[in-house]
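Asker: Just to be clear, the model below is a prediction. Sequence and coordinates:
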Amino acid sequence: MSDSLRWLWLVGIFLSGWLIYLLTPILSPFLVAMLLAYLGDPLVDRLERLKLSRSLGVALVFLLFAVAVAVLLLIFLPLLGRQLMRLYELTPQMLDWLQHSAMPWLQVQLGLSADFWQFDRLKAAVADNPTRTSDILGALLLQVTQSSLALVGFIGNLLLVPIVSFYLMRDWDVLMHKLRGLLPRRREGLVMRLTAECHEVLGAFVRGQLLVMLALATIYAAGLMLVGLELGLLIGLLAGLASIVPYMGLVVGLGAALVAVLFQFGAGDWYPLIGVLVVFTVGQLLEGMLLTPWLVGDRIGLHPVAVIFAILAGGQLFGFTGILLALPVAAVIMVLLRHVHDLYKLSELYGESPEVSQEASPPA
């Protein structure tokens, strides 16, 4: 490849990236639709092998997704709503517990000054501003009015996702075949090997890690509710979602559960504390020895720091959609970087020529 052609490729890649960045506000539904189509394509392929048409298979997969979402909403949404209302009711009591029990104990242990926490000032600030409620409501109403177009756009994007997903899922194999036909003939084998490896990693993460998160959320929520924790379902779901980052679910869930146990049962009752520790210990053992090896395997290999950076970078660039797509994209980038590393180890930039190696070696 000549230098001018290389520069042309670099300029084209730069302009494409800049265009994608400018189109970020409208890309979210298409990215989510691509993810759903990727998840549903294997199911549609299996239905096709059962002599069903592609369109009918896509419709059945969409019906399966809709039923699963509806069942989850009907079962968990009322329970989760009651948990959130209970948390709202307990918030004033938790603040009093923090002020009169937890903070004084920390103050004595750490040797802090008497007015270090300034709870009285906080309460006074809240008590002095009840007359401004109308102003706050007016400002909130103004903000909602100004954001009406954004709300309409969000609803439109939400409705656009299933439509785009349907057409992508129906034509997925055709699109993949056409993209393969556009590959340079001399590089087709290499690109297809990279694509197959990326597909393996994505399948391991998307279908495996999400199942691990769901299993951990179920284990934590059921165990904490059996212990008798009032907010067990909420804390269990939070711990399961946080487990997308290694050990983050354990830290967040165990910390929140211990605080909830101390507030609900007091420091003198050891049985709920032991129960919470047993629940998270069992969850971690099942994750390490059964769930992750069985559902995910060791094909992803993302370092925890890389996971945290990928999630933060995805949220900064694409918002909530970027958070959802951060780790699958990071897994694909990891596969490509692995091959770039192999090429670098074979290049002249990394290695030395035989003449240089002989001159640098000491005489015998």
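Answerer: Received, thanks.
Asker: Report how many residues lie close to L84.
Answerer: 13 (other Cβ atoms under 10 Å). In short, each C-beta sits where N, CA and C put it, glycine included.
Asker: and L95, how many neighbours does it have?
Answerer: Using other Cβ under 10 Å, L95 has 13 neighbouring residues.
Asker: Relative to P162, how far out is the residue sitting nearest the centre point of the chain?
Answerer: Nearest residue to the geometric centre of the chain (Cα atoms, centre = their mean): L324, 4.8 Å. L324 sits 16 Å away from P162, going by Cβ to Cβ, to the nearest Å.
Asker: quick one on the thing from earlier: in this structure the residue nearest to the centre of the chain contacts M34, no?
Answerer: No - applying Cβ atoms under 8 Å as the test, L324 and M34 come out as separate, 11.3 Å apart.
Asker: pLDDT averaged over the helix or strand containing L159 - what is it?
Answerer: L159 is located in helix 148-170, with elements delineated by DSSP states H and E. Mean pLDDT, helix 148-170: 77.
Asker: Give me the distance from whichever helix or strand comes after it to the chain's centre.
Answerer: For helix 148-170, the following helix or strand on the C-terminal side (DSSP H and E) is helix 172-181. Computed by Cα atoms, centre = their mean, to the nearest Å, the chain-centroid distance of helix 172-181 equals 29 Å.
Asker: How far does whichever helix or strand comes after helix 172-181 sit from its chain's centre?
Answerer: From helix 172-181 onward toward the C-terminus, using DSSP H and E, the following helix or strand is helix 188-203. On the basis of Cα atoms, centre = their mean, the separation between the geometric centre of helix 188-203 and that of its chain is 23 Å.
Asker: what sits up against whichever helix or strand comes after helix 188-203?
Answerer: Next in sequence after helix 188-203, counting helices and strands by DSSP H and E, comes helix 210-227. Contacts with helix 210-227, where a contact means Cβ atoms under 8 Å, 6 or more residues apart in numbering, come from 231-233, 235-237, 239-241, 243-244, 249, 253, 257, 261, 272, 275-276, 278-280, 282-283, 286-287, 291-292, 295-296.
Asker: Now the buried members of those.
Answerer: Using 16 or more other Cβ atoms under 10 Å as the burial test, these include 231-233, 235-237, 239-241, 243-244, 249, 253, 257, 261, 272, 275-276, 279-280, 283, 287, 291-292, 295-296 as buried.
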